[in-house]
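**Student:** Need a 3D model of the sequence below.
(2 chains)
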Amino acid sequence: MNVTLAGVTFQNPVTTASGTFGSGMEYKDYVDLSRLGAVTTKGVSSIPWPGNPTPRVAETYGGMLNAIGLQNPGMEMFIQRDIPFLRKYDTKIIVNVVGKTTQEYCDVVERLAECDVDMLEINISCPNVKEGGIAFGQDPKCVETITSELKKRAKQPIIMKLSPNVTDIAEMARAAQAGGADALSLINTLTGMKIDIHRRACLLANKTGGLSGPAIKPIAVRMVYQVAHAVRLPIIGMGGIACAEDALEFIMAGASMVAVGTANFINPTATIEVLEGIEAYMKQYHIEDIKDLIGCVK
Amino acid sequence: MSIAMKNKTIITEQTMLAEDIYSMWIKAEDIASTAKPGQFVSLYCQDGSRLLPRPISICEIDKVQGTVRLVYRTAGKGTKEFSKLKPGDTIEVMGPLGNGFTLEGKKALLIGGGIGIPPMLELAKNLHCEKQMVLGYRDTTFLEDEFTPFGKVYLATEDGSKGTKGNVLDAIRENNLEADIIFACGPTPMLRGIQAYALEKGIKCQLSLEERMACGIGACLGCVCKTKEVDHHSNVKNTRICLDGPVFYAEEVEL
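**Tutor:** Have a look, this model is predicted:
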């Protein structure tokens, strides 16, 4: 089941989507974290971020909107508390990095260079913050520039997390590759809105939010397929994965790893069920090596 | 604290208490054996298009029968789905969640507003001191008779059909109620009023908050509330209602 991305070997291809799993602490009694290929953490910024006002979440048909606004305790607390916690488990650590400016992303990446983590995932695709986030991920020149700036400073391999809120995601993927990215992850959430017709107002305080959950899965699978055909970089696929069948679609579309996101909120043991389901599928079809499935759909 | 797992449970009773207000008993021995007043459970829909659990406060706990009572309002499609379920049907539940009330004080005011009333019942059963219940409604009342074994019950209705015309604070003032501890659950504007009242009068006060939630276990950061001081976990001035609450002391939170 093991897969290697940018020189890092994971015991299996299942990780968590950033922002849906904290740093694993809230799930440690539901999931043996040592069984996961990696834990991908909630986004970390240089200083603590308070996030957006509430309501921050809303349910939609087959999905949910969130506008948390990247609330996080800042990198110093994260380094002091969360990395030692995760290191107690036999799993890889992928740290999601956020910033409002290029400098802020650089500050986090430079600080993490001294830390015991395995990979960095750069969030240039959050739709819920006014500055930074998605602004870096919607222009190919910006994607390439920030990727190369961070690549100069990073000690760990970097994964650029792409936004689906673009005309051509393959163009963004090529830009990240040109900037020196080691891997890509996709997709982040799709920008959406829900209106409370009784109050005649947006349901979320932020007005718009990021749509996730099963509703976005076909879009995500299509984008993984497109990107897999556009670049040579390994891909972590995500977007509405709730069961092994979903995860296998992403793998066959070209993802080397998969991340379980919103499903964690509905079923705290979803990651393990996805992992066991992939194992069962491989047994059923006598597949020895997961690599035989990666990108097998032409 | 033992971990709350997601389990399929059997509904043992379902009745309508008033328009849009339902009372459901579920067989859930794990929850009944550990739950405290003021905690809540997550209820899951069967319809897969409705992903998120609905947080519902615990109204009563029967440790002998291993059952838990949930009194809820049919506010949307999810809770409407729950209200259609019959005894013998199953429902997925995770709980108990949250911290619950701290039992304290010599003379208490238990204040419930609307669908914030149900958790006050289990609190009234467990709180061993002098108790005065103040229950606020828009118009139709429910559950009020079930509080009478535990102390004097005061009602407030917005339309004046029963008790004091107005809100729970109007009822407190009209009846000159005094206390050394306040427990309150209800809509945020009501809690804001009680918070100001308690701080002004110097009465210790526990508030049970509500907010739209996703995970219910502290991971998603959807249901936060502003705090006066920097929170130990978030490292900013807000805290998770589902995990660190839903009950907070009045001086801890900004509503």
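**Student:** burial measure for B:Arg50, as a count.
**Tutor:** 19 (other Cβ atoms under 10 Å in any protein chain shown). From N, CA and C alone the C-beta is placed, and that goes for glycine too.
**Student:** make that B:Cys215, sorry
**Tutor:** Neighbour tally, B:Cys215, other Cβ under 10 Å: 29.
**Student:** Just the pLDDT for the closest residue to chain A within the stretch 1-150 of chain B.
**Tutor:** Nearest residue of the stretch 1-150 of chain B to chain A (Cβ to the nearest Cβ) works out as B:Ile3 at 4.0 Å. As predicted, B:Ile3 sits at a pLDDT of 78.
**Student:** Would you confirm that it belongs to a strand?
**Tutor:** No: counting by DSSP: H, G, I helix; E, B strand; the rest coil, B:Ile3 falls outside a strand, being coil.
**Student:** That one - nearest residue in space that isn't next to it in sequence?
**Tutor:** A:Asp29 (4.0 Å; Cβ to Cβ, 6 or more residues apart in numbering or on different chains).
**Student:** what's the one you found sitting at in phi/psi?
**Tutor:** Note on A:Asp29: backbone dihedrals following degrees, to the nearest 10 are phi -90, psi -10.
**Student:** That one: how many residues sit nearby?
**Tutor:** For A:Asp29, using other Cβ under 10 Å, the count is 14.
**Student:** likewise B:Met16?
**Tutor:** B:Met16 - counted by other Cβ under 10 Å - has 12 other residues nearby.
**Student:** Next one: the host helix or strand of it, is it in contact with chain A?
**Tutor:** Per DSSP states H and E, B:Met16 falls inside strand B:6-18. Yes: applying Cβ under 8 Å from any Cβ of the partner chain, one finds strand B:6-18 in contact with chain A at B:Lys6.
**Student:** Please identify the pairing partners of that strand and their relative orientation?
**Tutor:** Strand partners for strand B:6-18, identified by DSSP bridges, are recorded as strand B:21-27 (antiparallel), strand B:90-97 (antiparallel).
**Student:** Columns distance to A:Ser256, mean neighbour count and mean pLDDT on top of these, output as JSON lines?
**Tutor:** Shown next, in JSON lines, are the strands paired with strand B:6-18 (distance: least, Cβ to Cβ, whole Å; neighbours: other Cβ atoms under 10 Å in any protein chain shown; pLDDT from 0 to 100):
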{"stretch": "strand B:21-27", "distance to A:Ser256": "43", "mean neighbour count": "21", "mean pLDDT": "98"}
{"stretch": "strand B:90-97", "distance to A:Ser256": "33", "mean neighbour count": "22", "mean pLDDT": "97"}
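**Student:** Adding distance to A:Thr91, write the ones you listed out as CSV.
**Tutor:** Formatted as CSV, the strands paired with strand B:6-18 follow (distance: least, Cβ to Cβ, whole Å):
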stretch, distance to A:Thr91
strand B:21-27, 36
strand B:90-97, 24
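**Student:** of all those, which lies closest to A:Leu184?
**Tutor:** strand B:90-97 (34.5 Å; Cβ to Cβ).
**Student:** List the contacts of that closest one.
**Tutor:** Residues outside strand B:90-97 that contact it (Cβ atoms under 8 Å, 6 or more residues apart in numbering or on different chains) are A:268, B:4-11, B:26, B:28, B:31, B:34-36, B:39-44, B:46, B:53, B:55, B:58, B:68, B:82, B:85, B:216-217, B:242-243.
**Student:** how about a cut-off of 7 Å?
**Tutor:** Identification of contacts with strand B:90-97 by Cβ atoms under 7 Å, 6 or more residues apart in numbering or on different chains yields B:4-11, B:26, B:28, B:31, B:34-35, B:39-44, B:53, B:58, B:82, B:85, B:216-217, B:242.
**Student:** quick one: pLDDT of the residue nearest to A:Val97 when sequence neighbours are not counted?
**Tutor:** Using Cβ to Cβ, 6+ apart and skipping the chain neighbours, the partner closest in space to A:Val97 is A:Val108 (4.8 Å). You'll see A:Val108 listed with a pLDDT of 98.
**Student:** hang on, A:Val108 packs against A:Trp49?
**Tutor:** No: with contact defined as Cβ atoms under 7 Å, A:Val108 does not reach A:Trp49; the gap is 11.7 Å.
**Student:** neighbour count winner among these two?
**Tutor:** A:Val108 (26 against 22).
**Student:** re the thing from before, so which of the strands paired with strand B:6-18 comes closest to A:Pro234?
**Tutor:** strand B:90-97 (35.4 Å).
**Student:** Chain A contacts on chain B?
**Tutor:** B:3, B:6, B:49-52, B:211-212, B:214-215, B:217-222, B:224, B:234-238 (Cβ under 7 Å from any Cβ of the partner chain).
**Student:** how about a cut-off of 8 Å?
**Tutor:** Of all the residues in chain B, those lying near chain A are B:3, B:5-6, B:44, B:48-53, B:78, B:94, B:211-225, B:233-238, B:243, going by Cβ under 8 Å from any Cβ.
**Student:** can you list the weak-confidence ranges in the stretch 1-150 of chain B?
**Tutor:** B:1-2 (pLDDT under 70).
**Student:** Could you pick out the longest helix of chain B?
**Tutor:** helix B:188-201 (DSSP state H).
**Student:** State the pLDDT value of the residue in chain B that chain A sits nearest to.
**Tutor:** With Cβ to the nearest Cβ, the shortest gap between chain B and chain A falls at B:Asn235, namely 3.3 Å. Per-residue pLDDT puts B:Asn235 at 96.
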